[in-house]
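> Just the structure for this:
(chains A, B and C)
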Amino acid sequence: MQTIVHRNRSIKGWLFDVYPSPSGVTLWFISETGGRISAHAPFVPKFYIRIDENSFALVKKIASRFKGRCKISAWKEMIEIYSGEFIKVLEVYVNDTINFGKYVKAFEAELPYYVFFNSDLSPVQMFLFENDLFPLAYGEYVISPDGKLVAQNIEDRFDAIDYKLPPLSIMIIKPSILGIAPKYQQNITIEVGYDNRSYVINADSAQELLTRLNFHIERCDPDLIITHFGDEIILPWLTLLADKVKVPIKLNRDPSAPFVRTRDVSYWSYGQIVHKAGSFELAGRWHLDVENSFIIDQSDLAGLFELARLTRIPVQRQARETIGTGLSSLQLAWAYSHNILIPAKKQEWEQFKSAYQLLLSDRGGLIFSPKMGYHENVAELDFASMYPSLMCIHNISPETVNCKCCSNQKVPELRYTLCENRKGIVPETLETILKKRAEYKKREKDSRSESERIEYHKRQTALKWLLVTCFGYLGYKNARFGRIEAHEAVNAFSRDAFLRAKSIAEKRGYEIIHGIVDCLWLKKNGAGPDDYRKLSEEISKEIGVNISFEGMYKWILFPNSRTDPEIPVANRYVGAYTNGELKVRGLEVRRGDTPLFVRKVQADVLELMTNASTIKELKLMIPEIIQVIKMHLEKLRAGRVEPLELVIRRTISKEADEYENSNLEAIVAKAMAEAGVALKPGETAEYIIIDSTGKRYPGKAKPFLFYQPEDGYDTYKYTEFVIKSVEILLGPLGYNYSWIAEQLNVSA
DNA sequence: AAAGTACGGGG
DNA sequence: GTGTACGTACTTT
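Sure thing, here's the model as predicted:
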C-alpha cells in the first residue's frame, strides 16, 4: 500500500522578486539548481493613527464600511521619533496589498486632523521589513504543496559585503540603431540578443514580428530583459501591436499578473525640468531600461543589485527610483525594525538637492575664488565623504539637533545642541553605508583580479550616490526625517572644517590656489607628494575628518569668465595629473549639450596637452594643436562629418507653444509638434543646425528626425563652436579667438 | 540692454 | 507650503 504524502518543498537559492497580489504578495525564487519558482505569501499591511479614545468610535465606523478589508487591530505603544518617547496609537489592518493606499486615503479623508503613521509605505516593503527579507537574499525557502511560503532561513544579510548573486539569463532588446532616441528614428527595427548572439527582427507583418519575438523569449527564458527605450517606446509599442493583431506577447513569466505601468511625468527639480519616462515592469522576470535608470547608468547592474539589497526596494523598482527614495527606504527599514513610527510624508513637489546644489544655493559651503590661469605643481586635497562623515562623527540627525535632554554648544557658529544620549537615525543608517563603501574601496585597490576590481568599483559607486544624496535629504523640508536645523548644523561643521584645513595649510607655507566646498588646491615651492601626504595627515588628525591627497598636477588651468574676462569662475577647470590622468569640470567635453564633433576636437586637444609637463611645453605644442584642429575642420568644411556627430541634444523646458523666443529649442519643439511627435517638457530636443543666420534656411535648425544629408549643416556655426572650445584652453597662454581663427584660415 | 533659455554638480 | 537654486554662457527680442 502506498500513500501519497504532500510535503513541503525546500529551495536553496535567492529571493528574486516580490510584487503585490490578492491577499498578499507573490514571490519568485531562483534556486541554486536553476529552478525559477513562484510562491504566495499571505500578508496584511497596517497603519497607525494617533487618536484619542473618544474618536475610537469614528474610526470603527469607517472600518466597518470596508468590512472584511479593514479592521481595527489594537492600541499600540510605539516610538515617536523626535521625542524618542512611546506614544499610544491605533493600529489598523488593511487586508489588501494592492489597494492599501486607497483605503488609507478613505480614512485620511474623514480624519483630517489626526496624524497618520506608516500609511504611505508600500505593502511590498512592509512585507520585506517584517520578514527581514530583501531582494536577492540568499537562503532556504520552504514552500507548501499549495504554493505558499511557509518558512525561510536567510543565510545572508542586507548589508553583507561578501554575497553571492544568482546566475541570470539575460536578453537584450533594443532598436537596431542606437545613439539617437527612437523618437528621432524614422523606422525602428528591433534587435534581440542572448547567448552571445543577436537577431535583427525584420518582419513583414506585426504577427510575424510578435511570433518571432515570442519564439526568442521562450527559447531564452530570460530572468532579465534589458532594453534601450523599453519603458517609453519599445514595450508599449509591442503590446499595442499585440492587442491589435491579437497575438499575445509573452513578456511576463507570471501569466496571471498584469504589466506594471506608470505614466510618464515632467517635474521641476531645482530650476530644471525633468522628464521621466513611464515604467513598464514585468511579473516573474525583470525589465530594466538602461535609458531610464540613473543607477544602472552610473554603476551598472552590480550597483543596482547592491542598492536593492541595501534599500530593500525590489530591483525593477529601484532601477527607476531616484537615489533619494533608496536612501529614504534604508531609513524606513531601520525605523520599522525599531518600532519607530514613520510619519506620512507630504506630497513631494521637489527632488532632493544634492549636497553641492544646496551648498551653492544656501551659501552653506565655502567657495574661494581661484587664481586665474595656468599653474604648475599644484596639489589637490579632498575631504572624503565630508558631509556624511560629519553627520556620523557629530551625531547629526533630525531628532538629535536641539534635543530635549541635552544642553551643550557643540555646533560651531550656531547655538544648537546635539544629543549625547541617543544616536540618531541618520548616523545609524549612514554608518552602514560609510563602512561598506570604505571596505569596497579598499578591496578595489587591493584586488588582484580585474573583474573583482570592477565589481567593487561599481558597488562603491552606487553607495557613493547614497552618500551624496543624504545631505540634501537632511535639509529637504518635505523629507520624512529631514530638519533644517540639522542641515544647518552640518553646514556649520563643514565650513569650520574647511577653514581650519585652509589655515593649517597656510600656516605651513602653502598657497591656496582654489577651494570648493571639500576640495583644496595648494602650491608651495619645492613641495612634493610626501609633503602633501604629511599635510593631509596633519589636517585629518586635527579636524577628525579624513582629507586625502588626490595627486599633483603637472599643470592646471582655472579659466577666466567668458562674460567678464577679468574674473575667474569657480566651477570650470582642467588639469593634468602627474600620472597622466586628466580632470575636467565644466568644459565642453563634460557638457551634455556639446555636439560629438566639438567634443572630439576638444578631447583631442586636451589629450595632446596632457603630454606637456610644464606651461612652457604647453606653449611649444601650439602648432601641433592647430594641426589637429585643422584636420577636423577640413573634414567639416568638406561636408564629410557624420550628421550624428553634429546633433545637439538639449532639454526643452516647456510645451512648443509656450516659448516666448524662437530659439533653436523652440523651433525644434514646434517642428516636432507640427509633425505629430510633440515633445514634453523635460524631453530632449535633438537637432542639427542648418543655418543659424536663417538667411539661407529660415528654419535655422532641423530635428534629427527629419534630417536628410542633403540638408547640409552650418559649417560656420560649428567652426565657431570648435574655436571657442579651444580658445578657453589657449586664451590664457596668450592665443585668443582671432589668432586661432587666423591660423585655421577662418574669418573671425 | 534686458529677457529668455539651458547647463552643471558628486566620482 | 501650489513653489521651484544660482551662476555662467549664450541667443533672441
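> Return the helix or strand in chain A with minimum mean pLDDT.
Least confident helix or strand, chain A: helix A:355-362 with a mean of 45, by mean pLDDT, DSSP states H and E.
> ok, which stretches of the stretch 401-550 of chain A are helices?
A:425-446, A:450-475, A:484-507, A:529-543 (DSSP state H, counting those that start in this stretch).
> Determine the angle, from 0 to 180 degrees, between the third one and helix A:529-543.
An angle of 140 degrees separates the directions of helix A:484-507 and helix A:529-543 when computed by axes from the mean of the first three to the mean of the last three C-alpha atoms, to 10 degrees.
> Any stretches of the stretch 201-350 of chain A with poor pLDDT?
Along the stretch 201-350 of chain A, segments meeting pLDDT under 70 span A:268-272, A:346-350.
> do chain A as well
Where chain A drops to pLDDT under 70, the residues are A:1-5, A:179-187, A:268-272, A:346-365, A:475-479, A:748.
> any idea which residue sits dead centre in it?
With distances taken as C-alpha atoms, centre = their mean, residue A:294 lies nearest the centre of chain A, 3.9 Å away.
> Could you measure from that residue over to residue A:26?
27 Å (C-beta to C-beta, to the nearest Å). (Each C-beta comes from the backbone N, C-alpha and C, glycine too.)
> again with residue A:616
The value you get for residue A:616 to residue A:26, if C-beta to C-beta is used, is 69 Å.
> just residue A:158 next, same as before
Using C-beta to C-beta, we find residue A:158 at a distance of 21 Å from residue A:26.
> hang on, residue A:228 packs against residue A:175?
Yes: counting by C-beta atoms under 8 Å, residue A:228 does reach residue A:175; the two are 6.4 Å apart.
> joint contacts of those two?
Here residue A:228 and residue A:175 have residue A:234 as joint contacts, going by C-beta atoms under 8 Å, 6 or more residues apart in numbering.
> the more surrounded of residue A:616 and residue A:26?
Counted by other C-beta atoms under 10 Å, residue A:616 and residue A:26 do not tie: residue A:26 has more neighbours, with 23 against 10.
> On the three-state scheme, that one is what?
Under DSSP: H, G, I helix; E, B strand; the rest coil, the three-state class of residue A:26 is strand.
> wait, doesn't it sit right on residue A:260?
No: using C-beta under 8 Å, residue A:26 is not in contact with residue A:260; the gap is 12.0 Å.
> Would you state the strands of the stretch 151-300 of chain A in chain order?
A:170-175, A:190-194, A:197-201, A:224-227, A:260-261, A:265-269, A:272-276, A:280-281, A:286-289 (DSSP state E, counting those that start in this stretch).
> er, the stretch 501-650 of chain A I mean
Under DSSP E, counting those that start in this stretch, the stretch 501-650 of chain A gives strands at A:511-516, A:519-523, A:547-558, A:573-577, A:582-585, A:648-651.
> could you say what helices and strands the fifth one packs with?
Contact here means 3 or more C-beta pairs under 8 Å, 6 or more residues apart in numbering; DSSP states H and E; on that basis strand A:582-585 packs against strand A:573-577, helix A:596-610.
> now the second one
The elements that strand A:519-523 packs onto, with contact taken as 3+ C-beta pairs under 8 Å, 6+ apart, are strand A:373-383, helix A:484-507, strand A:511-516.
> Could you dump these into a markdown table and include distance to DNA strand B and mean neighbour count?
Output for the helices and strands packed on strand A:519-523, formatted as a markdown table (distance: least, C-beta to the nearest atom of the strand, whole Å; neighbours: other C-beta atoms under 10 Å):
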| stretch | distance to DNA strand B | mean neighbour count |
| --- | --- | --- |
| strand A:373-383 | 6 | 20 |
| helix A:484-507 | 13 | 20 |
| strand A:511-516 | 6 | 20 |
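> Including distance to residue A:645, could these go into TSV?
Putting those into TSV (distance: least, C-beta to C-beta, whole Å) gives the following:
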stretch	distance to residue A:645
strand A:373-383	30
helix A:484-507	42
strand A:511-516	33
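> of the ones you listed, which approaches DNA strand C most closely?
Nearest of the helices and strands packed on strand A:519-523 to DNA strand C, taken as C-beta to the nearest atom of the strand: helix A:484-507 at 10.6 Å.
> Just want the angle from that closest one to strand A:547-558.
With the same axes, to 10 degrees defining the directions, helix A:484-507 sits at 80 degrees from strand A:547-558.
> Can I get helix A:484-507 in PDB, CA atoms only?
The C-alpha trace of helix A:484-507 is given here as PDB (Å, rounded to 0.1, in the frame of the first residue of the first chain):
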ATOM      1  CA  ILE A 484      16.500  72.300   8.500                       C
ATOM      2  CA  GLU A 485      18.400  72.800  11.800                       C
ATOM      3  CA  ALA A 486      20.200  69.500  11.200                       C
ATOM      4  CA  HIS A 487      21.200  70.700   7.800                       C
ATOM      5  CA  GLU A 488      22.400  74.000   9.100                       C
ATOM      6  CA  ALA A 489      24.500  72.200  11.700                       C
ATOM      7  CA  VAL A 490      26.200  70.100   9.000                       C
ATOM      8  CA  ASN A 491      26.900  73.300   7.100                       C
ATOM      9  CA  ALA A 492      28.400  74.900  10.100                       C
ATOM     10  CA  PHE A 493      30.700  72.000  10.800                       C
ATOM     11  CA  SER A 494      31.700  71.800   7.100                       C
ATOM     12  CA  ARG A 495      32.700  75.500   7.000                       C
ATOM     13  CA  ASP A 496      34.600  75.100  10.200                       C
ATOM     14  CA  ALA A 497      36.500  72.100   8.900                       C
ATOM     15  CA  PHE A 498      37.300  73.700   5.600                       C
ATOM     16  CA  LEU A 499      38.500  76.900   7.100                       C
ATOM     17  CA  ARG A 500      40.600  75.100   9.600                       C
ATOM     18  CA  ALA A 501      42.100  73.000   6.900                       C
ATOM     19  CA  LYS A 502      42.900  76.100   5.000                       C
ATOM     20  CA  SER A 503      44.600  77.800   7.900                       C
ATOM     21  CA  ILE A 504      46.700  74.800   8.800                       C
ATOM     22  CA  ALA A 505      47.900  74.700   5.200                       C
ATOM     23  CA  GLU A 506      48.700  78.400   5.100                       C
ATOM     24  CA  LYS A 507      50.500  78.100   8.400                       C
END
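> near DNA strand C, anything from it?
No: judged by C-beta under 7 Å from any atom of the strand, helix A:484-507 stays clear of DNA strand C, getting no closer than 10.6 Å.
> That helix packs against which elements?
Packing partners of helix A:484-507 (3+ C-beta pairs under 8 Å, 6+ apart): helix A:355-362, strand A:373-383, helix A:386-393, helix A:450-475, strand A:511-516, strand A:519-523, helix A:529-543.
> between it and strand A:511-516, what angle do the directions make?
Using the same axes, to 10 degrees: helix A:484-507 against strand A:511-516 is 160 degrees.
> Enumerate the positions of stretch A:467-477 that are buried.
A:467, A:468, A:469, A:470, A:471, A:472, A:473, A:474, A:475, A:476 (16 or more other C-beta atoms under 10 Å).
> show me the contacts for the fourth one.
Contacts for residue A:470 (C-beta under 8 Å, 6+ apart) come out as A:327, A:387, A:388, A:391, A:426, A:430.
> Could you single out the nearest of those to DNA strand C?
residue A:387 (16.6 Å).
> where's the closest residue to the closest one other than its chain neighbours relative to residue A:743, distance?
Take residue A:387 and drop its neighbours on the chain: the residue closest to it by C-beta to C-beta, 6 or more residues apart in numbering is residue A:471, 4.1 Å away. Taking C-beta to C-beta as the measure, residue A:471 falls 47 Å from residue A:743.
> ok, then the element right after the helix or strand harbouring residue A:58?
Secondary structure from DSSP states H and E places residue A:58 in helix A:56-65. Per DSSP H and E, the first helix or strand lying C-terminal to helix A:56-65 is strand A:70-79.
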